[in-house]
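Colleague: Model the following, please.
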Amino acid sequence: MNVCINSKCQISPSYQIDTLCDFKFGESRGIVLERWMYWFFTHLIVPLIQANFYVTESEHGKLDVFYYEKSVGENLMKSSVSILKDKCYTLLDVNDVKKIISKRRFGFSRVRFRPKQNGMMRPLANLKSSSTLPNTNRNWTAVNVVLRDLHAALKDLQLEKAEKLGSSVFSYNDVHRKWREFLTGVKSGLGGDGGGVYMVVADVQKAYDSIDQDKLVDVMKDVITDDHLLHHTQNISISTNRKLQISKYINSSTQFRSYPSSHTHSILVDTGRKRKARKDELLFNLQQHVKYNVLKIDKNFYLQNSDKVGMSDGGHSCQKLLMRFIDDFLFISTSKKHAVAFLSRLGRGFREYNCEMNKEKFGVSFDCDMIIAESNSKSNRVYFDEDGNKKFLKWSGLLINCDTLEVQADYTRYLDGDISSSLTVSWKGSPVVNLRENLCNYLRPKCHAIFYDSKINSEGVVRLNIYQAFLICGMKFHAYVSHVSHMCELDAGSYMNIIRNSLRFMYKLMKKQMYSGCVVSDESLRPILRVKKREVEWLGLRAYYEVLKRKTGSYKDVLFLLKTSLDDHGEMVSLSPALKFATHKSNSSLLWKIKY
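Modeller: So this is what the prediction gives:
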């Protein structure tokens, strides 16, 4: 629970600070009050809530917190545990737990349940905390801490031997690189557009419960074949409130060399400590985590022991591309025959691996007579624009245009509730700093190069992506201001400074994301950013203006300043068809359905 205490707000308006002594007294009074409030909530309010309610967020409620009566929460947990026991969890006694975890450095993980939209409960294991057993003097290290070496080794393999990973992608950086390379070849062979390309998206059903753990370990034995030299490093950076922050990392030699190209306003210091991560130890930790994952649910221990198998993945060429982001597949080919064959193969599942696809999460970009495709119009993976003319496939947070293969951000997840449910409002510290950081944190993933690369998107779609990012940013701005307005109210100039900071942040990070760490042997594959700073500023100002003018009563002065700033930029729309396309309401009709 986050409690906002602003020491300046605690001083009565009639109280005047004339001396240094008075200032120190007022400051200490605020500190005492803050500590008392912290004690009040942590020792009284929170224990009372924990004693009477099961508190959690839900998948459909985003960051909203839900309170279930204790009896209701216990019944939900019992039914969920019963289902898990029938599938892949075995009840353990304390002696069995001791035998398993005594051989390794990490212990067990505590589990909580998060409600799903279909009424079921999803188990979530906390891998970040250490663990202890009753009547033992030993403290076991957190799972994530022990697996850091393994993670660093796998990142090293990703950089040095990417061919071993097949179609796997681990971030939008990987998606951007493969998508850009594929489109460069396809568009040159199809006359410059995406016509004649067929796409399939699919999702593995219950992927985390349907993988044969022995097969998984065998696969990793072929991947991790050598020892890895690891560096202990420290990242020293300056935070937004001008405080020095030091973060400790474990990096491989390759990661250490690539660091300067991907970080700003910080330095990486090699502490001089190096050690070798042995192959056998890495595989042992992986096997222990995968095969002997001990979970604590309420007061009982369970062993997760799935006997199912995952599916293998393939590669890509200039005529077809397969990408797998965790359990989410995207296949694209210039041959409809290949796309139909891939769809048919996924539809049959992989019995030898006990792996099936979620029939409700198939999506195709073409007409198909297969049974799977008959439900395509009802699939939540397919989206049509307001006019029904443009068809998109949703994949891993992206909207892919089925005709042009252009990429946009998927904002459909915001349609389920109010935009405020996606915010965490801090009542501690400076509201100005908190709001500024919130907006920047939202914009950060929306600044990825895949949205603004002119090798992928047209000038209009590039600017549409910028405009839509700022539309959501404006909605979050209003939601945040509404939540803190009862505590403090800023003047229009302060609001404008926050808005302008988000505009600068967006453009700066766009450029950094586009060119940092981009090493290509073929210049034709290099990403291109063809948008000017002045255009980003105008799109941002226009987006904030369109959002806030619907709340006229609250932002009269801010709207005046926004309108003045827009006038200073001149009639940019009349000079640029791309800007006119980006700001046309029909192209963002989805976003205007979001409640804020």
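Colleague: Helix or strand, whichever it is, which one in this protein has the lowest mean pLDDT?
Modeller: None of the helices or strands of the chain scores lower by mean pLDDT, DSSP states H and E than helix 371-374, at a mean of 48.
Colleague: On the three-state scheme, the residue nearest the centre of the chain is what?
Modeller: In the chain, the residue lying closest to the centroid (Cα atoms, centre = their mean) is residue 445, at 7.6 Å. Here residue 445 is recorded as helix under DSSP: H, G, I helix; E, B strand; the rest coil.
Colleague: Give the closest residue to it in space, chain neighbours not counted.
Modeller: residue 172 (7.9 Å; Cβ to Cβ, 6 or more residues apart in numbering). In this view, the C-beta of every residue, glycine as well, is placed from N, C-alpha and C.
Colleague: How many residues are close by the one you found?
Modeller: 20 (other Cβ atoms under 10 Å).
Colleague: List the buried residues for the helix or strand where residue 86 lies?
Modeller: Using DSSP states H and E, residue 86 sits within helix 70-87. Residues of helix 70-87 classed as buried: 73, 76, 77, 80, 81, 84 (neighbour count, 16 or more other Cβ atoms under 10 Å).
Colleague: do stretch 351-361 as well
Modeller: 353, 354, 355, 356, 357, 361.
Colleague: so how far is it off the chain centroid?
Modeller: Here stretch 351-361 shows a centroid-to-chain-centroid distance of 25 Å under the convention Cα atoms, centre = their mean, to the nearest Å.
Colleague: what's the following helix or strand after the least confident helix or strand of the chain?
Modeller: Later in the chain than helix 371-374, the nearest helix or strand by DSSP H and E is strand 382-384.
Colleague: other SSEs contacting that next one?
Modeller: Helices and strands touching strand 382-384, as assessed by 3 or more Cβ pairs under 8 Å, 6 or more residues apart in numbering; DSSP states H and E, comprise strand 391-395.
Colleague: after the strand it packs on, next one along is what?
Modeller: Strand 391-395 is succeeded, C-terminally, by strand 398-401 (DSSP H and E).
Colleague: any residues touching that following strand, and which ones?
Modeller: Contacts to strand 398-401, defined as Cβ atoms under 8 Å, 6 or more residues apart in numbering, come from residues 175, 194, 199, 330, 383, 390-394, 406-410, 450, 461.
Colleague: residue contacts, residue 338?
Modeller: By Cβ under 8 Å, 6+ apart, the residues touching residue 338 are 198, 320.
Colleague: Is it within a helix or a strand, and which one?
Modeller: Using DSSP H and E, the element containing residue 338 is helix 336-348.
Colleague: For that helix, list every residue counted as buried.
Modeller: The neighbour-count check on helix 336-348 (16+ other Cβ under 10 Å) flags 338, 339, 340, 342, 343, 346, 347 as buried.
Colleague: repeat for stretch 147-156
Modeller: So, applying 16+ other Cβ under 10 Å, buried residues of stretch 147-156: 147, 149, 150, 152, 153, 154, 155, 156.
Colleague: hang on, the earlier thing: CSV for the buried residues of helix 336-348, including distance to residue 566 and pLDDT?
Modeller: Below are these laid out as CSV (distance: Cβ to Cβ, whole Å; pLDDT from 0 to 100):
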residue, distance to residue 566, pLDDT
338, 49, 90
339, 46, 91
340, 50, 90
342, 48, 91
343, 48, 91
346, 49, 89
347, 52, 86
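Colleague: Looking at these, which is nearest residue 108?
Modeller: residue 346 (35.5 Å; Cβ to Cβ).
Colleague: Assess the claim that that closest one and residue 356 are in contact.
Modeller: No: if you go by Cβ atoms under 8 Å, residue 346 and residue 356 don't touch, sitting 9.1 Å apart.
Colleague: returning to what we had before: residue 91: which of the buried residues of stretch 351-361 is nearest?
Modeller: Among the buried residues of stretch 351-361, and counting by Cβ to Cβ, the member closest to residue 91 is residue 354, at 22.6 Å.
Colleague: Quick check: that closest one vs residue 209, distance?
Modeller: Residue 354 is 10 Å from residue 209, where distance means Cβ to Cβ, to the nearest Å.
Colleague: before we move on, what about residue 229?
Modeller: 36 Å.
Colleague: Strands of the stretch 251-400 of the chain, start to end?
Modeller: Remark: strands assigned in the stretch 251-400 of the chain by DSSP state E, counting those that start in this stretch are 266-277, 293-297, 300-304, 320-325, 328-333, 363-364, 382-384, 391-395, 398-401.
Colleague: Mind putting the ones you listed into JSON lines with mean neighbour count and distance to residue 586?
Modeller: Listed next are the strands of the stretch 251-400 of the chain as JSON lines, based on neighbours: other Cβ atoms under 10 Å; distance: least, Cβ to Cβ, whole Å:
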{"stretch": "strand 266-277", "mean neighbour count": "12", "distance to residue 586": "42"}
{"stretch": "strand 293-297", "mean neighbour count": "20", "distance to residue 586": "49"}
{"stretch": "strand 300-304", "mean neighbour count": "19", "distance to residue 586": "49"}
{"stretch": "strand 320-325", "mean neighbour count": "21", "distance to residue 586": "30"}
{"stretch": "strand 328-333", "mean neighbour count": "24", "distance to residue 586": "27"}
{"stretch": "strand 363-364", "mean neighbour count": "26", "distance to residue 586": "23"}
{"stretch": "strand 382-384", "mean neighbour count": "16", "distance to residue 586": "13"}
{"stretch": "strand 391-395", "mean neighbour count": "21", "distance to residue 586": "15"}
{"stretch": "strand 398-401", "mean neighbour count": "21", "distance to residue 586": "15"}
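Colleague: Buried ones in the longest helix anywhere in the chain, by neighbour count?
Modeller: If you go by DSSP state H, the chain has its longest helix at helix 459-484. By 16+ other Cβ under 10 Å, the buried positions in helix 459-484 come out as 459-481, 484.
Colleague: Compute the inter-axis angle for the strand or helix carrying residue 433 and helix 459-484.
Modeller: Using DSSP H and E, residue 433 sits within helix 431-446. Angle, helix 431-446 to helix 459-484, by axes from the mean of the first three to the mean of the last three Cα atoms, to 10 degrees: 150 degrees.
Colleague: Summarise which helices and strands helix 431-446 is packed against.
Modeller: Applying 3+ Cβ pairs under 8 Å, 6+ apart, one finds that helix 431-446 makes contact with helix 459-484, helix 492-515.
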